[in-house]
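[1] coordinates for the following, if possible.
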Amino acid sequence: MNSYSNGYVPPSSDEIYFNYALLSHIKFSLVVLFVFLALMILIWNSQPWFEIEIKRANQLPQETTQSMGGRNSNLVLQSNIKWSDYRVRSGETLSEIADRNGIGLSVLLKYNRIGNPNLVHVGQRLKIPRR
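    Coordinates of the predicted model:
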């Protein structure tokens, strides 16, 4: 009587090695995939471990006065500026008033809260910064 009469044939050593290698490869691939997914989740949800804050020393306000007649006026918008009152006369424009007083039109508009520079009335009071 043959010991293999029930139809079972034991695997050869080559088949055993192939099955073992294939199983090892599948296990290794699953571990690599799991580690990769874990790293991707950590990266996706992570906060930066450092923060960079950039400060500019001696930063000037955004608006300074415009140049007037070839010379530069260095009047900067500051809180310690002295003010003078000015009344608009007939025929004057805001740009003429700004040039005459050595300030930029944008400065004059900002400090007097004027939205439309073409809308100025005779007798209107303006605040003009002085050096």
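
[2] now do the strands in this protein.
    82-87, 125-130 (DSSP state E).

[3] the first one vs strand 125-130, what angle?
    It refers to strand 82-87. Put simply, strand 82-87 runs at 150 degrees to strand 125-130, going by axes from the mean of the first three to the mean of the last three CA atoms, to 10 degrees.

[4] list the helices and strands strand 82-87 packs on?
    If you count contacts as 3 or more CB pairs under 8 Å, 6 or more residues apart in numbering; DSSP states H and E, strand 82-87 packs onto strand 125-130. Placement of C-beta: from N, CA and C, glycine included.

[5] need the residues that contact the strand it packs on.
    The contact list for strand 125-130, computed with CB atoms under 8 Å, 6 or more residues apart in numbering, reads 75, 77, 81-88, 97, 101, 103, 107-108, 111-112.

[6] so how far does stretch 85-100 reach from one end to the other?
    Start-to-end span of stretch 85-100 (CA to CA, to the nearest Å) is 14 Å.
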